[in-house]
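# Here's a sequence, model it:
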Amino acid sequence: MAPTTLGKALNMGLRKAMEDDPKVLIMGEDVGKLGGVFRITDGLQKDFGEDRVIDTPLAESGIIGTAIGLALRGYRPVCEIQFDGFVWPGYDQIVAQLAKMHYRSQGRLRLPVVVRIPFGGGIGAVEHHSESPEAYFAHTPGLRVVVCSNPVDSYFMIQQAIATDDPVIFFEPKRRYYEKGELDTSITPEPMFQARTVRPGTDLTLVAYGPMVKVALEAASAAEAEGRSLEVIDLRSLSPLDSDTVVASVRRTGRAVIVHEASTTLGIGAELAARVTEECFYSLESPVLRVGGFDTPYPPAKVEEEWLPDLDRVLDAVDRSFGF
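Numbering: from 1, shown residues only. Model (predicted):
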């Protein structure tokens with residue numbers, strides 16, 4: 001097992017899916033000759049040809065609309081949205097067509113389309129290049145929404161997403177693309193729509209996904225020095241949301257803090273906090289707390305680090321939870 005970056009693991013997963021199924025296509029802006037702005041599709045057009053790795057015009061609505069047509073003809077298109085903030089021109093196609101076709105056809109039609117979206121901040125980008133739009137899609141019935149946070153999940157989850165007969169919105173934490181981890185491609189992957197406990201603990205449940213999993217693990221390590229045992233859960237799937245794993249943990253620990261980069265109001269944390277409160281009311285020692293971005297657009301790169309949730313803000317929420 002050699003250390004592999006999250007981005008390279010995605011590339012390997014896409015390659016494996018294309019080798020296994022000739023109906024898998026990749027399409028997007030600069031995904032071919034350039035290999036994508038983050039080089040996630042690097043080398044794939046050279047090896048699979050321009051008919052399977054397709055450089056598209058700069059038109060997200062056209063990309064999604066074309067993918068819908070291809071899926072209806074039996075293909076499994078993988079669309080790359082170059083940056084999170086570029087998804088909005090294709091949002092109408094995703095919500096009005098992609099998400100509804102199976103339901104509207106009374107189950108006769110399926111659209112196995114994967115929409116890959118690099119998301120989140122932390123790279124010092126300009127406007128429209130750092131956003132966290134996951135709640136928009138998780139709120140939409142008919143879409144499955146997943147988030148990878150490490151090379152192992154990146155490699156396996158992208159293949160699982162492509163094999164899924166429902167449309168999948170696949171979020172990738174762009175600030176973690178170049179971080180390395182061990183990747184063993186021979187293991188049996190976990191179910192894609194299931195959360196994972198990445199660090200066991202007894203005193204408080206810390207829930208995160210995507211780029212914030214690393215921050216949550218750092219917070220758990222820091223809290224250990226103060227004699228507190230924090231359990232860290234990586235949600236992995238936002239729709240369906242595996243609240244059972246979180247509920248089981250909170251029933252043991254009695255406390256919960258949920259962390260995400262997106263603005264706190266009406267975010268994934270709000271839905272999960274409601275579910276935990278409903279299921280764990282008599283087990284809770286304190287209210288379920290949320291740590292997220294502020295209710296403003298992502299700021300300019302110069303002050304981005306002040307906006308993003310960090311170790312100090314997570315530990316502050318942990319302290320407040322124990323203060324009740």
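# residues of stretch 236-245 that come out buried?
Arg236, Ser237, Leu238, Ser239, Leu241, Asp242, Ser243, Thr245 (16 or more other CB atoms under 10 Å). (Glycine included, C-beta is placed from N, CA and C.)
# Which pair in those has the greatest spatial separation?
Distances among those were taken as CB to CB; the most separated pair is Ser239 and Thr245, at 15.0 Å.
# Sort out for me which of the buried residues of stretch 236-245 are in strands.
Residues of the buried residues of stretch 236-245 located in strands (DSSP state E): Ser237, Leu238, Ser239.
# Just the buried residues of stretch 272-287, please?
Using 16+ other CB under 10 Å as the test for burial, stretch 272-287 gives Leu272, Ala273, Arg275, Val276, Glu279, Cys280, Leu284.
# And stretch 157-172, by the same measure?
For stretch 157-172, using 16+ other CB under 10 Å, the buried residues are 157-164, 167-172.
# Stretch 208-225 too?
For stretch 208-225, the neighbour count (16+ other CB under 10 Å) marks 208-217, 219-220, 222-223 as buried.
# Looking at these, which are in strands?
Ala208.
# Quick one: end-to-end distance for stretch 201-210.
20 Å (CA to CA, to the nearest Å).
# low-confidence ranges in the stretch 1-150 of the chain?
1 (pLDDT under 70).
# Any chance of the ones in strands among the buried residues of stretch 236-245 in CSV with distance to Ala99 and pLDDT as columns?
As requested, these are arranged in CSV below (distance: CB to CB, whole Å; pLDDT from 0 to 100):
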residue, distance to Ala99, pLDDT
Ser237, 16, 98
Leu238, 14, 98
Ser239, 10, 98
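# rewinding a little: now, which of the buried residues of stretch 272-287 sits nearest Val37?
Leu272 (31.6 Å).
# Does the closest one belong to a helix, a strand or coil?
Put simply, Leu272 is helix when judged by DSSP: H, G, I helix; E, B strand; the rest coil.
# which one is it nearest to, not counting chain neighbours?
Closest residue to Leu272 apart from its sequence neighbours, by CB to CB, 6 or more residues apart in numbering: Ile258 at 5.5 Å.
# Who are the packing partners of the strand or helix carrying that neighbour?
Taking DSSP states H and E as the criterion, Ile258 maps to strand 256-263. With contacts taken as 3 or more CB pairs under 8 Å, 6 or more residues apart in numbering; DSSP states H and E, strand 256-263 sits against helix 134-138, strand 204-208, helix 212-224, helix 243-253, helix 268-280, strand 289-293, helix 311-323.
# need the contact list for Pro300.
Each residue near Pro300 by CB atoms under 8 Å, 6 or more residues apart in numbering is listed here: Val126, Glu127.
# Hmm, I typed the wrong one, I wanted Ala161.
Contact analysis of Ala161 by CB under 8 Å, 6+ apart lists Val114, Arg144, Val146, Val168, Phe170, Met192.
# Leaving out the residues flanking it, which one is nearest to the second one?
When you say that, I think you mean Arg144. Val168 (4.7 Å).
# who's in contact with that neighbour?
Val113, Val114, Val115, Leu143, Arg144, Val145, Val146, Ala161.
# ok, now Arg116?
By CB under 8 Å, 6+ apart, the contact list for Arg116 reads Gly28, Ile40, Val78, Cys79, Glu80, Ile81, Ile158, Phe170, Glu172.
# Could you tell me whether it really is in a helix?
No: using three-state DSSP, the secondary structure at Arg116 is strand, not a helix.
# what bridges to it?
Glu80, Phe170 (DSSP bridges).
# Show me which of the buried residues of stretch 208-225 is closest to Gly254.
Taking the buried residues of stretch 208-225 together and measuring to Gly254 by CB to CB, the closest member is Ala223, at 15.2 Å.
# thought the closest one was touching Leu230?
Yes: in this structure Ala223 lies within contact range of Leu230 using CB atoms under 8 Å: 5.0 Å.
# Now do the strand holding Ile258 and strand 289-293, the angle between them.
On the basis of axes from the mean of the first three to the mean of the last three CA atoms, to 10 degrees, strand 256-263 is oriented at 20 degrees to strand 289-293.
# could you give the angle of the one helix or strand Ile162 maps to to helix 212-224?
Using DSSP H and E, Ile162 sits within helix 151-163. Angle between the axes of helix 151-163 and helix 212-224 is 150 degrees (criterion: the same axes, to 10 degrees).
# what distance separates helix 151-163 from the centre of its chain?
Helix 151-163 sits 11 Å away from the centroid of its parent chain (CA atoms, centre = their mean, to the nearest Å).
# and what of stretch 32-45?
On CA atoms, centre = their mean, the centre of stretch 32-45 falls 20 Å from that of its chain.
# and for that stretch, what are the contacting residues?
Counting contacts by CB under 8 Å, 6+ apart, the residues touching stretch 32-45 from outside are 7, 10-11, 14-15, 18, 26, 28, 30-31, 50, 52-55, 80, 82-83, 116, 118, 172, 174, 177.
# Pull out the buried residues from those residues.
Here, 16+ other CB under 10 Å leaves 7, 10-11, 14-15, 18, 26, 28, 31, 52-54, 80, 82-83, 116, 118, 172, 174, 177 buried among the contacts of stretch 32-45.
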